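1. the sequence and its predicted three-dimensional model are supplied below.
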Amino acid sequence: MIHFATLYSGSSGNSTVVWDEETAIMIDMGASCKKTIFALGEVGLAASKLDAILVTHEHSDHIGGLQIFTKNYPVPVYGTAETKEYLESRGLVADGIDVGVLIPERTIRIGSFAVTPFSTSHDSRTCCGFRIEKGTGRVAIATDIGKMEDSVFRYLSDCQLVALESNYDEMMLRNGRYPAALKARIAGPQGHLSNRECASTAVRLVNTGMKHLVLMHLSEENNTPAVAETMVYGAFENNELADGCCEVYSAPRFAPSKIWRIQEC
């Protein structure tokens, strides 16, 4: 059985864990070592039991806790070649930590899981999401993504659980206090995914078998869980999808989420 939980999610820090009886994988570690260890304990995991840390990209809200954590727990770290160079050149992982290179669309094996990174559009050196599989159990995560491309959708398709960015409400961003340049960056093709774009993608994913949608990286300034979830459920209704076709859940900003258990055979 695949277990999935978010530890925290938002511009203040992002981290997610996927595990089973044999293997535990963390995706990103954007908050402090202390906070991350506490959050792991809240979902029943010990930091010493982690088998790998996958890094989506080099922005601080995804790597902020890595350096101190890897000093205390020598867990292998994985990222693209550009991410590896960034982490190592700036001393953002502890000395002696092996940073493995991920090649988008090339599957690797980490313990009992098959992990496939895929490129996403974001204003970083490089950015990726992950599809993680064991048997027939499939989960995917894409937290920083400026636009939904067919190449990304392919890796989200037929997953029972998808953790997908729903960063901002378009009207709240437009009418908010951010300067024009920042608004343009957020809404641009290398920025973040809006509630509307997330909702339209969710409709398509339900038709491929998605049963659980976890809304990720919600803006504290330009979004709320209620607004984001209402957008998704409205899209389901407008497309005549059955009530209860998919659970929609907003990942908490500062605390762990519930734990999902995905059957695999």
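-> In hand now; what should we look at?
2. can you check the pLDDT for residue 96?
-> pLDDT recorded at residue 96 is 91.
3. that one should be in a helix, yeah?
-> No - checked against DSSP: H, G, I helix; E, B strand; the rest coil, residue 96 lies outside a helix; its state is coil.
4. and it, its phi and psi?
-> For residue 96, the backbone dihedrals (degrees, to the nearest 10) come out as phi 90, psi -10.
5. please tell me how far the residue lying closest to it once chain neighbours are set aside sits from residue 95.
-> Of all residues not flanking residue 96 in the chain, residue 74 sits nearest, at 6.8 Å (CB to CB, 6 or more residues apart in numbering). Where you see a C-beta, it was placed from the backbone N, CA and C, and this is true even at glycine. Distance, residue 74 to residue 95, by CB to CB, to the nearest Å: 10 Å.
6. of the two, who's got more company?
-> residue 74 (15 against 9; other CB atoms under 10 Å).
7. what about that one, distance to residue 47?
-> 11 Å.
8. ok, now residue 261?
-> 22 Å.
9. same check on residue 89?
-> 26 Å.
10. comparing the two, which residue is more hemmed in?
-> Higher neighbour count among residue 89 and residue 47: residue 47, with 17 against 8, using other CB under 10 Å.
11. who's in contact with the more buried one?
-> Residue 47 makes contact with 36, 37, 40, 69, 72, 73, according to CB atoms under 8 Å, 6 or more residues apart in numbering.
12. if we go to 10 Å?
-> Contacts for residue 47 (CB atoms under 10 Å, 6 or more residues apart in numbering) come out as 24, 26, 33, 36, 37, 38, 40, 41, 69, 72, 73, 75.
13. hang on, the second one in a helix?
-> No - secondary structure of residue 26, determined by three-state DSSP: strand, with no helix assignment.
14. hey, what's it bridged with?
-> Judged by DSSP bridges, the bridge partners of residue 26 are residue 17, residue 53.
15. how near is it to residue 147?
-> Using CB to CB, we find residue 26 at a distance of 26 Å from residue 147.
16. who's more crowded, those two?
-> Between residue 26 and residue 147, counted using other CB under 10 Å, residue 26 has the larger neighbour count: 24 against 16.
17. quick one: the more buried one and residue 19 touch, right?
-> Yes - at 9.0 Å, residue 26 counts as touching residue 19 under the criterion of CB atoms under 10 Å.
18. so what sits against both of these two?
-> Counting by CB under 10 Å, 6+ apart, the common neighbours of residue 26 and residue 19 are 45, 50, 51.
19. which residues of the stretch 101-250 of the chain fall in strands?
-> Using DSSP state E, counting those that start in this stretch, the strands of the stretch 101-250 of the chain run over 108-110, 113-119, 128-134, 137-142, 161-165, 212-216, 247-250.
20. out of these, which gets nearest to residue 238?
-> strand 247-250 (14.6 Å; CB to CB).
21. what pairs with the very next helix or strand once past that closest one, parallel or antiparallel?
-> Downstream of strand 247-250, the first helix or strand assigned by DSSP states H and E is strand 260-262. Taking DSSP bridges as the criterion, strand 260-262 sits next to strand 2-8 (antiparallel) in its sheet.
22. what are the buried residues along the one helix or strand residue 79 maps to?
-> Taking DSSP H and E as the definition, residue 79 sits inside strand 77-80. For strand 77-80, burial by neighbour count (16 or more other CB atoms under 10 Å) applies to 77, 78, 79, 80.
23. now for the residue nearest to residue 15 when sequence neighbours are not counted: which residues touch it?
-> Nearest residue to residue 15 in three dimensions, chain neighbours excluded: residue 7, at 4.1 Å (CB to CB, 6+ apart). Residues near residue 7 by CB under 10 Å, 6+ apart: 13-17, 26-31, 35-40, 42-43, 45, 251-252, 254-257.
24. kindly state the pLDDT recorded for the closest residue to residue 121 other than its chain neighbours?
-> In this structure, residue 121 finds its nearest non-sequential neighbour in residue 146, 4.3 Å apart by CB to CB, 6+ apart. What the model reports for residue 146 is a pLDDT of 94.
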